[in-house]
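Participant: How does the following fold in three dimensions:
(4 chains)
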Number of protein chains: 2
Amino acid sequence: MSEYLTPGEVAARFDVSHDTLRYYERAGVLSAVERSASGHRRYRSADVELLDLVRCLRETGMPIAALRTFADLIRAGEGTVDERIDLLVEHDAQLGERIEVLTARRRHIQGKIAYYRSLRETSAD
Amino acid sequence: MSEYLTPGEVAARFDVSHDTLRYYERAGVLSAVERSASGHRRYRSADVELLDLVRCLRETGMPIAALRTFADLIRAGEGTVDERIDLLVEHDAQLGERIEVLTARRRHIQGKIAYYRSLRETSAD
DNA sequence: GGTTGACCTGGAGTGCACTCCAGGTGCGAT
DNA sequence: ATCGCACCTGGAGTGCACTCCAGGTCAACC
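Facilitator: Residues are numbered from 1 along each chain as shown, chains lettered A, B, ... in the order given. A predicted model of the protein is given here:
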C-alpha cells in the first residue's frame, strides 16, 4: 500500500484515459502533479480527491473553464471558501433545472411510446 | 391563421436558429420541406410535430444519427411502429439512467456545499 | 423604383473535450 | 542484454452539433 497512485491506477479508478488526465493537467484543472525520479506522475490523495470532485462536476456538465476557475480557488487557499460555495450552488441550481427538464422530456417520450403502443394494438385487432 | 409556419416562426417556437433547421434538413432529420413559389420553406403541422419530437429527443441527448434513423422509420410508414417503439424505449432507459446518475452526482455536490458551509461556520467563531 | 427584411444557397469555420501520434525513457522480468 | 510495458513529451487530429459567411432572390412598403 503506497502513498500515491500511478496514472494507470487513477485512470482505472475514475474510468478516464491517461490522455484525459494529462489534458486536465494542461488545462489547469489538476495542478502539476508530483513526479517520481524518472518523471512518472504520482497522484497523492489530495489529487485523487480533487479529481473525484472534478469528475463529478464534469459529468454534470460543468465546462472545463469553470472547473479551472474552481480548481484555482482551491489552490488559492481557505479564504476562497465562500466563492467555492457560490460556484457550487450556482452549478447545483443549473443541474436541478436540467434534471427537471430531462424528467419532463422523458414523460413526453413515454407518452409517445404509449401512443405508438396504442396504435399497434389497434392494428393488431 | 395560415396552414403552415414560416422558418422564422418555427425557429422562434422551438428556440432554434434558422441554420439549425436547415442543418436538420441536410442531415435527413427533417425531410425536404415544402416550398413556396419563391423557394421559401413552409412548415406544415406534420413537420412541426416531428420537429417537436426531434427537439425533445435531442435535448435528452439523442445524437443526430439516431434521430435520422428514427425519422427514416417514420417516413417508411406505419409498418415501422414496432421499431420506433424499440428505439424510444431504449432511449428512455438510457435517459432514466442518466437522470439517476445526475441525481446521485447532485447529492454529492450538495454534500460538498454543506461541507464548505461547515468550514465557514467553524472559522467564523 | 429603391430599400428593407426575411429568406435562399453551398461551403467553410467554430468550440468543446477529448484522443491520437511518433518517438523516446526507465525498469523489472526472462 | 533485451524484451515488454507503463510511462513520458509536444503537437496534431477527431467528432459532434451546430454556426457563420458571402453573395443572391423576392415581395412589400414608402
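
Participant: All the helices of chain A, residue numbers only.
Facilitator: A:7-14, A:18-26, A:45-59, A:64-75, A:81-124 (DSSP state H).

Participant: Between those helices, which one is closest to DNA strand D.
Facilitator: Closest approach to DNA strand D among those is made by helix A:7-14 (2.8 Å; CB to the nearest atom of the strand). For every residue, glycine as well, the C-beta is placed using N, CA and C.

Participant: residues contacting the nearest residue to A:Asp72 once chain neighbours are set aside?
Facilitator: Counting by CB to CB, 6 or more residues apart in numbering or on different chains, A:Asp72 lies nearest to A:Gly28, which is 7.2 Å off, once chain neighbours are set aside. Neighbour list for A:Gly28: A:Arg68, A:Ala71, A:Asp72 [criterion: CB atoms under 8 Å, 6 or more residues apart in numbering or on different chains].

Participant: ok, and the most crowded of those?
Facilitator: Counting neighbours by other CB atoms under 10 Å in any protein chain shown, A:Ala71 leads the contacts of A:Gly28 with 20 neighbours.

Participant: Could you figure out how far the lowest-mean-pLDDT helix or strand in chain A is turned away from helix A:45-59?
Facilitator: Scoring the helices and strands of chain A by mean pLDDT, DSSP states H and E places helix A:81-124 at the bottom, with a mean of 94. Following axes from the mean of the first three to the mean of the last three CA atoms, to 10 degrees, one obtains 40 degrees for the angle between helix A:81-124 and helix A:45-59.

Participant: isn't A:Ala17 right next to A:Pro7, touching?
Facilitator: That one is not Ala; residue A:17 is Ser. No - if you go by CB atoms under 8 Å, A:Ser17 and A:Pro7 don't touch, sitting 9.9 Å apart.

Participant: So which of those two has more stuff around it?
Facilitator: Between A:Ser17 and A:Pro7, A:Pro7 has the larger neighbour count (other CB under 10 Å), namely 16 against 11.

Participant: my read: the more buried one touches A:Arg41, true?
Facilitator: Yes - taking contacts as CB under 8 Å, A:Pro7 lies within contact range of A:Arg41: 5.1 Å.

Participant: Need the residues touching each of those two.
Facilitator: A:Leu21.

Participant: Near chain B, which residues of chain A? Just list them.
Facilitator: A:53, A:56-57, A:59-60, A:78, A:81-82, A:84-85, A:88-89, A:91-92, A:95-96, A:98-99, A:101-103, A:105-106, A:108-110, A:112-113, A:116-117, A:119-120, A:123 (CB under 8 Å from any CB of the partner chain).

Participant: out of the residues you listed, which are buried?
Facilitator: A:53, A:56-57, A:60, A:81, A:84-85, A:88, A:91-92, A:95, A:98-99, A:102, A:105-106, A:109, A:112-113, A:116 (16 or more other CB atoms under 10 Å in any protein chain shown).

Participant: ok so, going back, among the helices of chain A, which comes closest to A:Ala37?
Facilitator: For those, the distance to A:Ala37 is smallest for helix A:7-14, at 15.7 Å, taking CB to CB.

Participant: Can you confirm whether the closest one lies near DNA strand D?
Facilitator: Yes - applying CB under 7 Å from any atom of the strand, one finds helix A:7-14 in contact with DNA strand D at A:Pro7, A:Gly8, A:Glu9, A:Ala11.
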